[in-house]
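Engineer: Sequence and predicted model, in that order:
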Protein chains: 4
Amino acid sequence: MYTYELVVRFNDCDALGHVNNATYYTFFEEARGELFRIFNPDLNIRNWNLIVASNACDFLREAVYAQKLTVLTWIGKIGGSSFVVEQALQDEQGNWVARGKATLLGFDFEHHQALPLSAEQRQQLEQHREGPVGVPALRS
Amino acid sequence: MYTYELVVRFNDCDALGHVNNATYYTFFEEARGELFRIFNPDLNIRNWNLIVASNACDFLREAVYAQKLTVLTWIGKIGGSSFVVEQALQDEQGNWVARGKATLLGFDFEHHQALPLSAEQRQQLEQHREGPVGVPALRS
Amino acid sequence: MYTYELVVRFNDCDALGHVNNATYYTFFEEARGELFRIFNPDLNIRNWNLIVASNACDFLREAVYAQKLTVLTWIGKIGGSSFVVEQALQDEQGNWVARGKATLLGFDFEHHQALPLSAEQRQQLEQHREGPVGVPALRS
Amino acid sequence: MYTYELVVRFNDCDALGHVNNATYYTFFEEARGELFRIFNPDLNIRNWNLIVASNACDFLREAVYAQKLTVLTWIGKIGGSSFVVEQALQDEQGNWVARGKATLLGFDFEHHQALPLSAEQRQQLEQHREGPVGVPALRS
């Protein structure tokens, strides 16, 4: 399980005074940084080889400017070219703020086609299968 | 069904040269503008009474800077306080670019509690139940 | 002079309920779309040849969600490789909402060096030298 | 002088593969967090009392995804209701990445009018007048 800490930016919030729903996906994307290194060790954008096929999020609590949050990230189902990233956002008191997932696909941007996961990639993903205790299930 | 047209901004795209996954949720949010007027006719943020409970998106095609896109929006399941907004993004050639949904909840921001949908709100939502022909189903 | 119309997005606003200061630069960037076509007719990002060297903005009035705004864009000083883009944001009542400028530099992203403006580019820029009547000067 | 460290987000970058010009203003805004506490100790958005009157930035080097950057912030001219915040962005090798400034205005959002700086606020601002050695001057 990967742990990623962040502080909410002023501009992450919308006119309702809380973090905008779209911004949670940016938080989740940032929290996948270490996971991305399995596929691209130096995070060089010119060699990028993953694409988001779909994602989803349940919003459980409002978050506000300057709040400290932690994203927990673990691996769900692993397929031939794709895998599911499970994620949850927690506040400093341990409350669940959001629960998300993203299906990522190995992708060759030059030829615009899916890339099968290598044995080594699978093995590294397998090491992050365990999620946090007590995390809520996704609603759908 | 609501129809909303947009042009992709330069800054809607990320380093992969395409619209970032989080930005699709912003496109879908913008496309709910007319729907928001059922709940808040002048879109005054001080009287806001809806909150996003969850959302999801399948990414079907890449979109790029300056591309013209159309968001189609229709209403799915209607509950006591919440309702599902179904959405799809289409390019100028009629290809499906993305397919999303959002569950919105009537919400009293002052007292931080759910608001039941009124009979009039339900009736107005019911007029937008029909979706586009041939739209793909959400993957999950 | 170029004229560009926009509608403020929900997520363009920050927790103060108005358009965030950084977002004005995105509005100005979008309003440069037609100007960009002088340098890159089909706006293909792979052939991009301009970079922002500096920019500035005076914020004159708050703007809010769903507000219709117009950006006026004209050309200031033209140098060897760079030129100044003058911009102003106006609301539907004709009030000045913001006043900005950006210095753009012809740029070869492959070799990371400045590109001199061609005679044809200069000539096209010259056709957009005139600004709007009554526009306020930049404060500094 | 305030020091603020950040890591560039994936979505801070645009299709040119570098941090978008507008995003630098978000970096500078985040780096004013401790400064904001002079005016609003708990950073509660409901009691906000500052507004950005104008800002500017020179872009000196490109920044990329996952790069670590430091923002240095110090106080320039102090007026009756407003003051200038000087800022500079530095990479891990000590190169200057950007140089910016913002004029902030004490502001009463309820009555929509400027607020004079108090003696205590001035005194606290005065403690942060010194900038970094060798920082480049703003171009204009």
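Structural biologist: Received the coordinates, thanks.
Engineer: Around chain D, pick out the residues from chain A.
Structural biologist: Contact residues of chain A with respect to chain D, defined by C-beta under 8 Å from any C-beta of the partner chain, are listed as A:9-11, A:13, A:17, A:26, A:29-30, A:33, A:43, A:45-46, A:64-66. Glycine gets a C-beta too; all of them are placed from N, C-alpha and C.
Engineer: Pull out the buried residues from those.
Structural biologist: Under a neighbour-count criterion of 16 or more other C-beta atoms under 10 Å in any protein chain shown, the subset of the residues of chain A next to chain D counted as buried comprises A:9-11, A:13, A:17, A:26, A:29-30, A:33, A:43, A:45, A:65-66.
Engineer: which of those are close to chain C?
Structural biologist: When contact is defined as C-beta under 8 Å from any C-beta, these meet chain C at A:Phe10, A:Asn11, A:Cys13, A:Gly17, A:Tyr65.
Engineer: Show me which residues of chain A are close to chain B?
Structural biologist: With C-beta under 8 Å from any C-beta as the criterion, chain A comes near chain B at residues A:15-16, A:20-23, A:25-26, A:29, A:45, A:48, A:51-59, A:102-103, A:109, A:139-140.
Engineer: Could you tell me which of those residues are located in helices?
Structural biologist: A:Asn21, A:Ala22, A:Thr23, A:Tyr25, A:Thr26, A:Glu29 (DSSP state H).
Engineer: which residues does the fifth one contact?
Structural biologist: A:Thr26 makes contact with A:Asp12, B:Asn20, B:Ala22, D:Arg9, D:Phe10, D:Asn11, according to C-beta atoms under 8 Å, 6 or more residues apart in numbering or on different chains.
Engineer: Let me have the residues you listed in CSV, extended by pLDDT.
Structural biologist: CSV is the format used below for these (pLDDT from 0 to 100):
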residue, pLDDT
A:Asp12, 98
B:Asn20, 98
B:Ala22, 98
D:Arg9, 98
D:Phe10, 98
D:Asn11, 98
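Engineer: which of these lies closest to chain C?
Structural biologist: Among the contacts of A:Thr26, A:Asp12 lies closest to chain C (C-beta to the nearest C-beta), at 8.7 Å.
Engineer: Burial check on the closest residue to that closest one other than its chain neighbours, number of neighbours?
Structural biologist: In this structure, A:Asp12 finds its nearest non-sequential neighbour in A:Thr23, 4.6 Å apart by C-beta to C-beta, 6 or more residues apart in numbering or on different chains. As a burial measure, the neighbour count of A:Thr23 was computed by other C-beta atoms under 10 Å in any protein chain shown and equals 22.
Engineer: Flag every residue of chain A that's near chain C.
Structural biologist: So far as C-beta under 8 Å from any C-beta goes, chain A lies against chain C at A:10-11, A:13-18, A:20, A:22-23, A:64-65.
Engineer: Counting by contacts, list what the helix or strand that A:Val84 is a member of packs against.
Structural biologist: Element membership of A:Val84 [criterion: DSSP states H and E] is strand A:82-91. The contact analysis (3 or more C-beta pairs under 8 Å, 6 or more residues apart in numbering or on different chains; DSSP states H and E) places strand A:82-91 against helix A:21-31, strand A:68-78, strand A:96-108.
Engineer: Swap in 10 Å and give it another go.
Structural biologist: Using 3 or more C-beta pairs under 10 Å, 6 or more residues apart in numbering or on different chains; DSSP states H and E as the contact test, the elements touching strand A:82-91 are strand A:2-7, helix A:21-31, strand A:50-59, strand A:68-78, strand A:96-108, helix A:119-126.
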